[in-house]
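# sequence and predicted structure, then a few things I'm wondering about:
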2 protein chains.
Amino acid sequence: MDKKIIITISREFGSGGRFIGEDVAKKLGIAFYDKAIIEMASDKTGFSPDYIKENEQKLTSPSLFNFAISGSYAGNMVFGNGESLQDTMFFAQSNVIKEIASKHSCVIVGRCADYVLEKFDNCINIFIHSDMQSKINRAVNEYKLDSNSVEKILKDRDKLRAKHYNYYTGRVWGDARNYHACFNSDYIGLEKVEDIIVDMAKSL
Amino acid sequence: MDKKIIITISREFGSGGRFIGEDVAKKLGIAFYDKAIIEMASDKTGFSPDYIKENEQKLTSPSLFNFAISGSYAGNMVFGNGESLQDTMFFAQSNVIKEIASKHSCVIVGRCADYVLEKFDNCINIFIHSDMQSKINRAVNEYKLDSNSVEKILKDRDKLRAKHYNYYTGRVWGDARNYHACFNSDYIGLEKVEDIIVDMAKSL
């Protein structure tokens, strides 16, 4: 790519969004970031990568956001600056995402990157979803989830993602108007979706 | 096209969705339906096309849907079968859409066609949106709306569309998961969006 481009991919769990992101990055010859962002945020916060992974989308603690609105909070400890643990992890990952996007072309999966990078030029925001049966098949075959409980796991994971996104962005997760393009990956076909995104990126 | 395919296009007002639909139909050599559905529904209901156009998205009367839920209603007249005027118009247009889609390949714009045809094979559902400034430019230049009031008109029209869609489908208008693909028309470019849809249709 001659010019710097950023592609963010938000996705339903089991929709193949991460695979699409990886392949798009390969096809364009640019960097791919998913879990690496956790490692990089770990360096900034002192939290272990496993701790961040486990807790980044659990909005159980009082937060700077709630505190700012209500002026008070009941319950658990927050940091001296009013940030909850989740806020600290979100801000650390957001800073990592901005640093990455400032440096070079890349594909970034998840972590509200579409919102975090909304002021960046040449940033294409994509949302990937699929029908439930295709997501179940992928989760059982690729992620080896138990077929008896997989549907509930898929729904719970997406509820967490939606809650996390809505909370930190003030937008509705999955609303088409937050993204430049959205695709049902299995209906269209993963490879075709990848090719469409690659073509969009090359046309920017 | 060898096989019958149906493309439904839902769109924000001013997003260029209708233009995209017309061009996609031309490029694929298939029929295009937008306002013609009103004329055809007029023949079935006895309402004039102008009356349908004016009232189809105004949910001011009590409805079969409300009546079925509440078991009672207060206010205006409904038909003997419990349908409001809007219900009658919606059902008549839905029947027209199903008849059309049973006969031949086509592009259908608006009128909850994605929901009405959800049991049909080879039906690609598209949602087109755009940023406010592009919609304003299109509405002023193409539709000759007054530049001072255009933004409010755009927002009001989309609120009506959303309310109408949510009411008759039980789904959320603009939620990416209701559609196979969604595009920001002006960011991607109308012609590129058309080509992507044409390519998707040819790949079915």
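Done, it's in.
# ranges for the helices of chain A?
Taking DSSP state H, the helices of chain A run over residues A:17-28, A:36-45, A:49-55, A:64-70, A:85-103, A:113-116, A:132-141, A:150-169, A:185-188, A:190-203.
# for residue B:179, find the nearest of those.
helix A:185-188 (9.9 Å; C-beta to C-beta). For every residue, glycine as well, the C-beta is placed using N, CA and C.
# could I have that closest one exported to CSV, CA atoms only?
Provided in CSV are the C-alpha atoms of helix A:185-188 (Å, rounded to 0.1, in the frame of the first residue of the first chain):
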residue,chain,number,x,y,z
SER,A,185,-19.8,-13.5,6.4
ASP,A,186,-21.2,-17.0,5.8
TYR,A,187,-24.0,-15.8,3.5
ILE,A,188,-21.6,-13.9,1.3
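# could you see whether chain B lies near it?
Yes - shown here: helix A:185-188 in contact with chain B (C-beta under 8 Å from any C-beta of the partner chain) through A:187, A:188.
# now do that helix: distance to the chain's middle.
20 Å (C-alpha atoms, centre = their mean, to the nearest Å).
# sketch out the low-pLDDT regions of chain A for me.
A:1, A:52, A:55-83 (pLDDT under 70).
# spit out the contact partners of the residue nearest in space to the middle of it.
Central residue of chain A (C-alpha atoms, centre = their mean): residue A:110, 1.0 Å from the mean position. Taking C-beta atoms under 8 Å, 6 or more residues apart in numbering or on different chains, we find residue A:110 in contact with A:9, A:10, A:11, A:34, A:161.
# now do stretch A:195-204: everything it contacts.
Under C-beta under 8 Å, 6+ apart, the answer for stretch A:195-204 is A:1, A:3, A:5, A:7, A:20, A:24, A:27-28, A:122, A:124, A:126, A:180-181, A:183, A:188, B:188-189, B:192, B:196, B:199.
# burial of residue A:53, as a residue count?
15 (other C-beta atoms under 10 Å in any protein chain shown).
# that one contacts residue A:36, correct?
No - contact criterion C-beta atoms under 8 Å: residue A:53 and residue A:36 do not qualify, at 12.0 Å.
# hmm, stretch A:19-33 in reach of chain B?
No - with C-beta under 8 Å from any C-beta as the criterion, chain B is not reached by stretch A:19-33; the gap is at least 13.4 Å.
# returning to that earlier point: which members of the contacts of residue A:110 are the farthest-apart pair?
Going by C-beta to C-beta, the pair spanning the contacts of residue A:110 furthest: A:34 and A:161, at 13.8 Å.
# find the nearest non-adjacent residue to residue A:4, please.
residue A:105 (5.1 Å; C-beta to C-beta, 6 or more residues apart in numbering or on different chains).
# against residue B:154, how distant is that neighbour?
In this view, residue A:105 and residue B:154 are 34 Å apart by C-beta to C-beta, to the nearest Å.
# what does residue A:3 give?
32 Å.
# neighbour-wise, which of those two wins?
Legend: neighbour count by other C-beta under 10 Å for residue A:3 and residue B:154, higher for residue B:154 (20 against 9).
# identify the residues contacting the more buried one.
B:12, B:13, B:14, B:132, B:135, B:136, B:139.
# neighbour-wise, which of those residues leads?
residue B:14 leads the contacts of residue B:154 on contacts (other C-beta under 10 Å) with 28 neighbours.
# got the residues of chain A near chain B?
So far as C-beta under 8 Å from any C-beta goes, chain A lies against chain B at A:12, A:127, A:129, A:172, A:174-177, A:179-184, A:187-189, A:192, A:196, A:199-200, A:203.
# please pick the buried ones from these.
Among those, those buried by neighbour count (16 or more other C-beta atoms under 10 Å in any protein chain shown) are A:12, A:127, A:129, A:174-177, A:179-184, A:187-189, A:192, A:196, A:200.
# looking at those, which are in strands?
A:127, A:129, A:181, A:182, A:183, A:184 (DSSP state E).
# just put the contacts of residue A:110 in JSON lines and tack on neighbour count.
As requested, the contacts of residue A:110 are exported to JSON lines (neighbours: other C-beta atoms under 10 Å in any protein chain shown):
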{"residue": "A:9", "neighbour count": "27"}
{"residue": "A:10", "neighbour count": "27"}
{"residue": "A:11", "neighbour count": "24"}
{"residue": "A:34", "neighbour count": "17"}
{"residue": "A:161", "neighbour count": "19"}
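# which of these sits closest to residue B:144?
residue A:10 (37.4 Å).
# related to what we said a few turns ago, out of the helices of chain A, which is the most enclosed?
helix A:113-116 (a mean of 24; mean count of other C-beta atoms under 10 Å in any protein chain shown).
# ok, residues contacting that one?
A:6, A:8, A:10, A:94, A:97-98, A:101, A:123, A:125, A:165, A:168-169, A:171, A:178-179.
# which one of these is nearest chain B?
residue A:179 (7.1 Å; C-beta to the nearest C-beta).
# right, and that closest one touches residue A:129 too?
No - using C-beta under 8 Å, residue A:179 is not in contact with residue A:129, being 10.6 Å away.
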